[in-house]
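1. This is a predicted model, with the sequence first.
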Amino acid sequence: MADRSRRVLVTGTDTMLGAAVQTAFEARGDRVVGVCQARGDACRLPPDAVVADFTDPGQIRSAVADAADLLAGLDTVVTAHALPVVGAVSDLDMTDFWEHVDSALTGTFLVAQAAAASISGGGTPGRMVLTTSRWHVGGPGLSAVATAAGGVVALTKTLTRDLGPFGIGVNAVAVGCVDSEWSICDVAEPAAAVPAGRGTVAQVANLIEVLSRSSLGAAVGQIVNADGGRSRNRV
Amino acid sequence: MTGRTALITGAGSGIGAAIANRLRGNGWRIASISQESAEHADLSIIVDVADETSVLEAVHEIRREFGAIDSAVVCAGHYEEVPALEIDPTAWTRMIRVHVGGLMHVLRAVLPEMRARGTGRVVGIASERAIGGGSNDAHYAAAKGAALSLLRSAAVEVAADGVLINAVAPGPCDTPLLGPDSWERAPEFLQTLPAGRIATPQEVAELVEALVSDDLNLCAEVLSVNSGTVI
């Protein structure tokens, strides 16, 4: 383990990826607080999660503040709350489109903005890992997903420059070809297009843990494809 | 002791030495192929990686000593600053032979056995120059770009056999290759970097260790540690 016990905020611990991230950090002795969106079935929320609407700046600020209070500060933030919306561009309900973009992109920005103050106020180096979809490259039925993902890619690069002077390193993981709620985005993908085969959320969580280490302070501003070699591109 | 063996080229100094030191400290047996003797190696073989026959012989010797090679880290490099119009054919060829040949020779030496065993990891040390180019080092940038594409193609070929190949791409790094008067050490340059400093060999080594040890399912991917110089 590279760091002492970290204080970690993870959004979306009610998603497969978010839950795996929580497990990966806790297995290393870190303390994690989740922030989750009420999705209609309150019983499915993790018991230790703070609830917030990811499109509401006030709720996000409040939830991040609550998480920082519970942990007595923040060292690390991981966003993993987004869930995909798939549909042909001409058929997609605009309510669904905006719901995804506002949650996946705007919600990620709001969390990063709110958390940055808590991290930088602590006076120690902080890390953020934003998760997004490898389908920022676009794909059939993926207009909403691609829109939000493209935004998160650019947001990662700008946050790197804006937050670097405050000692906060930002990276992103572009996830694809991993068995999760997002598998729906890969249905048209032939198996042969994924050289290392489909992955698991636990493997992505391992990667996120590596990128979250403060000992890797010069590893910033990168979009790492976690997709079994499907992309092989520079983002 | 993990009982695992790592072949590292260029372990005699700088980033390669840091990788050898970290892996050895975590229980790996280290076999070095380098033009310099490697302090942090259990077996140090003096070889020019541009010479395929020598690399093959060295790999045979490593197998005789340690058995199977679990991971290979291709770090041996060569760098010089020369304006593009002044790069002569000899300098150009040397750069290509070291970076592209050095990678290709190791791949050809270790991959057949790794594929037969159904497991193995290879990490290439790439460079931000492979992504963004540079100035006064066109031959180096071209060689690094070529090596990265070679690495990605090889990665796709062997992933189905359980062998994962990835890269770590450092930016300006605190090694002897970066002279004390380099502009990349100047405070006015460092102030422009999101990380506010150049990378350390230890950071590169930490990412290499993750790629050879952890269950990440990455393939043909590049983990950059460049302080934000290339985003």
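-> Yes, it's here.

2. Show me where chain A dips below the pLDDT cut-off.
-> For chain A, the stretches with pLDDT under 70 are A:1-3, A:40-44.

3. mind listing what's buried in stretch B:129-140?
-> B:Arg129, B:Ala130, B:Ile131, B:Asp137, B:Ala138, B:His139, B:Tyr140 (16 or more other CB atoms under 10 Å in any protein chain shown). For every residue, glycine as well, the C-beta is placed using N, CA and C.

4. can you give me the mean pLDDT across that stretch?
-> Mean pLDDT, stretch B:129-140: 88.

5. now do the same end-to-end measure for it.
-> Its first and final residues considered, stretch B:129-140 spans 8 Å by CA to CA, to the nearest Å.

6. Pretty sure A:Ile208 sits against A:Thr131.
-> Yes - with contact defined as CB atoms under 8 Å, A:Ile208 reaches A:Thr131; the gap is 7.2 Å.

7. Find residues that contact each of these two.
-> Common contacts of A:Ile208 and A:Thr131 (CB atoms under 8 Å, 6 or more residues apart in numbering or on different chains): A:Val78, A:Val173.

8. Close to chain A: what parts of chain B are there?
-> On the criterion CB under 8 Å from any CB of the partner chain, chain A has as its neighbours in chain B the residues B:131, B:152, B:155-156, B:159-160, B:164, B:171, B:193-200, B:202-203, B:206-207, B:210, B:214-228, B:231.

9. now, which of the residues you listed lie within strands?
-> B:Leu164, B:Val222, B:Leu223, B:Ser224, B:Val225 (DSSP state E).

10. Who wins on neighbours among the residues you listed?
-> B:Ser224 (29 neighbours; other CB atoms under 10 Å in any protein chain shown).

11. Contacts only, for it.
-> A:Ala219, A:Gly221, A:Gln222, B:Glu128, B:Ile131, B:Val168, B:Ala169, B:Pro170, B:Gly171, B:Val230.

12. which residues does A:Gly126 contact?
-> Counted by CB under 8 Å, 6+ apart, A:Gly126 has contacts A:Leu74, A:Asp75, A:Thr76, A:Val77, A:Ala116, A:Ile119, A:Ser120, A:Phe166, A:Gly167, A:Ile168, A:Gly169, A:Ser214.

13. Please repeat the previous calculation with a cut-off of 6 Å.
-> Contacts here follow CB atoms under 6 Å, 6 or more residues apart in numbering or on different chains; on that basis A:Gly126 touches A:Asp75, A:Ile119, A:Ile168.

14. so what's it bridging to?
-> A:Ile168 (DSSP bridges).

15. which residue ranges form the helices in the chain?
-> You didn't pick a chain, so chain A it is. Counting by DSSP state H, chain A has helices at residues A:16-27, A:57-71, A:94-101, A:107-121, A:143-163, A:201-211.

16. ah, I was thinking of chain B
-> Taking DSSP H, the helices of chain B run over residues B:14-25, B:52-66, B:89-96, B:102-117, B:129-132, B:138-158, B:187-190, B:201-213.

17. Write out the residues of chain A neighbouring chain B.
-> A:157, A:160-161, A:164, A:195-196, A:199, A:203, A:206-207, A:210, A:216-222, A:225, A:228-229, A:232, A:234 (CB under 6 Å from any CB of the partner chain).

18. what about burial for those residues, which qualify?
-> Applying 16+ other CB under 10 Å to these flags A:157, A:160-161, A:164, A:195-196, A:199, A:203, A:206-207, A:210, A:216-222, A:225, A:228-229, A:232 as buried.

19. closest to B:Val123 out of the helices of chain B?
-> B:Val123 lies closest to helix B:201-213 among the helices of chain B, at 4.9 Å (CB to CB).

20. and that closest one, average pLDDT?
-> 98.

21. what separates that helix from the chain centre, distance-wise?
-> Here helix B:201-213 is found 11 Å from its chain centre; the criterion is CA atoms, centre = their mean, to the nearest Å.

22. for stretch A:74-90, same thing?
-> Taking CA atoms, centre = their mean, the mean C-alpha location of stretch A:74-90 is offset from the chain mean by 7 Å.

23. Please identify the residue most distant from the middle of chain B.
-> B:Glu188 (29.1 Å; CA atoms, centre = their mean).

24. still on that earlier bit, quick one: which of the contacts of A:Gly126 is nearest to chain B?
-> For those, the closest approach to chain B (CB to the nearest CB) belongs to A:Ile168, at 9.3 Å.

25. you'd agree the closest one is up against A:Ile119?
-> Yes - contact criterion CB atoms under 6 Å: A:Ile168 and A:Ile119 qualify, at 5.5 Å.

26. Against which helices or strands is the lowest-mean-pLDDT helix or strand in chain B packed?
-> One helix or strand of chain B scores below all others by mean pLDDT, DSSP states H and E: helix B:129-132, with a mean of 86. Where contact means 3 or more CB pairs under 6 Å, 6 or more residues apart in numbering or on different chains; DSSP states H and E, helix B:129-132 is packed against helix B:138-158.

27. buried residues in the helix it packs on?
-> For helix B:138-158, by 16+ other CB under 10 Å, it's B:138-148, B:150-152, B:154-156, B:158.

28. That one to helix B:102-117, inter-axis angle?
-> 10 degrees (axes from the mean of the first three to the mean of the last three CA atoms, to 10 degrees).

29. contacts for helix B:138-158?
-> Against helix B:138-158 from outside (CB under 6 Å, 6+ apart): A:195, A:232, B:79, B:84, B:87, B:92, B:95-96, B:99-100, B:103, B:107, B:111, B:115, B:124, B:126-127, B:129-130, B:133-134, B:165, B:167, B:219-220.

30. And for B:Met114, the neighbour number?
-> 24.

31. ok, it touching B:Gly120?
-> Yes - B:Met114 is within contact range of B:Gly120, at 2.9 Å (criterion: CB under 6 Å).
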